[in-house]
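**Student:** The following comprises the amino acid sequence and a computationally predicted model.
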Amino acid sequence: MNSAPAESWIVGCGDIGRRLAARLITAGSRVVGWVRSDQGATKLEALGIVPRSVDLDAEMASIDAAPAWLFWFAPPPNSGSTDPRLARFLAALRTPPQRLIYLSTSAVYGDCGGAWIDEDAALNPASDRGRRRLDAERIAHDYGARSGCEVLILRVPGIYGPGRMPEARLRAGTPILRAQDSPYTNRIHADDLATAALIVAQRGAAGAAYNVADGAPTTMSDYFLRCAERLGLPPPPQISLAQAQQQLPASIMSFLEESKRLRSDRLRALGWTPRYPDLESGLAKLIDSR
């Protein structure tokens, strides 16, 4: 299947959702984008996306219709270890979609000591950020088992692209880890992620998870140093892991205490090839287009 259904929904239709919507519309699908704010709805209308408002933290009335494809890009709450938002929305659906494509995170694997891993690696999240996403994956699979909906999971690392450069952090002079302490991290350009989501919806195997990464991991410190150089900014100060644990907030440390390198062979077998196969090519395009 290389086309798109008559109608698709994207819940949490922000930057990545809008990029995906453009691809779906080109493929002939009517796209309904679910957002929280009036400002978000206005953005969708301008792009030919049908907006629907939703408060994922409130009780929901029954939703009578369902699309062939439902993309779930809405994040879980910022605290806790579960995702009641996804559970609440799925419970409101009177008719299941044919396919549910859930955007998860590579944090569900936890720390892998820098090893190369694929989708069969153990799921052992070390942070609540990862635990919330793993809870959502399980909610999605349980829903699929009950309803007959085909569930597909995208496990996504750090996303970069237009509007996603860490310029504010670099200008603030926030420290980074010195090279010998810095973990391996993986990245994906926003456009490549949107393309991957469409290809998985079209060709992915029901029940499967797919790592969405460019396959050229670098360290976290390398990323910030390259961004600083490209932006013409001074390199950020470098500190040890012990210093970082004292100086940096838990939200940053949760990324610095995990190291892994993601294989994306399963996704590539569907015919996906990243337009930006490494950080250098993606950053060059970003700076050239500024």
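**Tutor:** Looks like it came in fine. Because the structure is predicted, anything quoted here is derived from the model rather than measured.
**Student:** For the residue nearest the centre of the chain, which non-adjacent residue is closest in space?
**Tutor:** The C-alpha lying nearest the average C-alpha coordinate of the chain belongs to Val156 (Cα atoms, centre = their mean; 4.5 Å). Sequence neighbours aside, Val212 is the residue nearest to Val156 in space, at 5.0 Å (criterion: Cβ to Cβ, 6 or more residues apart in numbering). Quick note: C-beta positions are derived from backbone N, CA and C, even for glycine.
**Student:** CA atoms of the helix ranked longest in the chain as PDB?
**Tutor:** Of all the segments of type helix in the chain, defined by DSSP state H, the longest one is helix 128-147. Extracted in PDB, the C-alpha atoms of helix 128-147 (Å, rounded to 0.1, in the frame of the first residue of the first chain):
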ATOM      1  CA  ASP A 128       9.800   8.900  33.900                       C
ATOM      2  CA  ARG A 129      10.000  10.500  30.500                       C
ATOM      3  CA  GLY A 130      10.700   7.000  29.100                       C
ATOM      4  CA  ARG A 131       8.200   5.200  31.400                       C
ATOM      5  CA  ARG A 132       5.400   7.400  30.200                       C
ATOM      6  CA  ARG A 133       6.000   6.500  26.600                       C
ATOM      7  CA  LEU A 134       6.300   2.800  27.400                       C
ATOM      8  CA  ASP A 135       3.000   3.000  29.200                       C
ATOM      9  CA  ALA A 136       1.500   4.600  26.100                       C
ATOM     10  CA  GLU A 137       2.900   1.900  23.900                       C
ATOM     11  CA  ARG A 138       1.300  -0.800  26.100                       C
ATOM     12  CA  ILE A 139      -2.000   1.100  26.100                       C
ATOM     13  CA  ALA A 140      -1.900   1.200  22.300                       C
ATOM     14  CA  HIS A 141      -1.100  -2.500  22.000                       C
ATOM     15  CA  ASP A 142      -3.900  -3.400  24.500                       C
ATOM     16  CA  TYR A 143      -6.300  -1.300  22.600                       C
ATOM     17  CA  GLY A 144      -5.300  -3.000  19.400                       C
ATOM     18  CA  ALA A 145      -5.800  -6.500  20.900                       C
ATOM     19  CA  ARG A 146      -9.300  -5.500  22.100                       C
ATOM     20  CA  SER A 147     -10.500  -3.700  19.000                       C
END
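**Student:** Quick check: what element follows that helix along the chain?
**Tutor:** strand 150-156 (DSSP states H and E).
**Student:** circling back: average model confidence for the longest helix of the chain?
**Tutor:** The average of the pLDDT scores along helix 128-147 is 98.
**Student:** cool, and stretch 231-244?
**Tutor:** Stretch 231-244 comes out with an average pLDDT of 95.
**Student:** Can you point out the buried residues in it?
**Tutor:** Leu231, Pro236, Gln238, Ile239, Ala244 (16 or more other Cβ atoms under 10 Å).
**Student:** Distance check, the third one against Thr219.
**Tutor:** This means Gln238. According to Cβ to Cβ, to the nearest Å, Gln238 and Thr219 sit 11 Å apart.
**Student:** any common contacting residues for those two?
**Tutor:** By Cβ atoms under 8 Å, 6 or more residues apart in numbering, Gln238 and Thr219 have these common neighbours: Ala179.
**Student:** still on that earlier bit, now do the longest helix of the chain and strand 150-156, the angle between them.
**Tutor:** Helix 128-147 runs at 170 degrees relative to strand 150-156, counting by axes from the mean of the first three to the mean of the last three Cα atoms, to 10 degrees.
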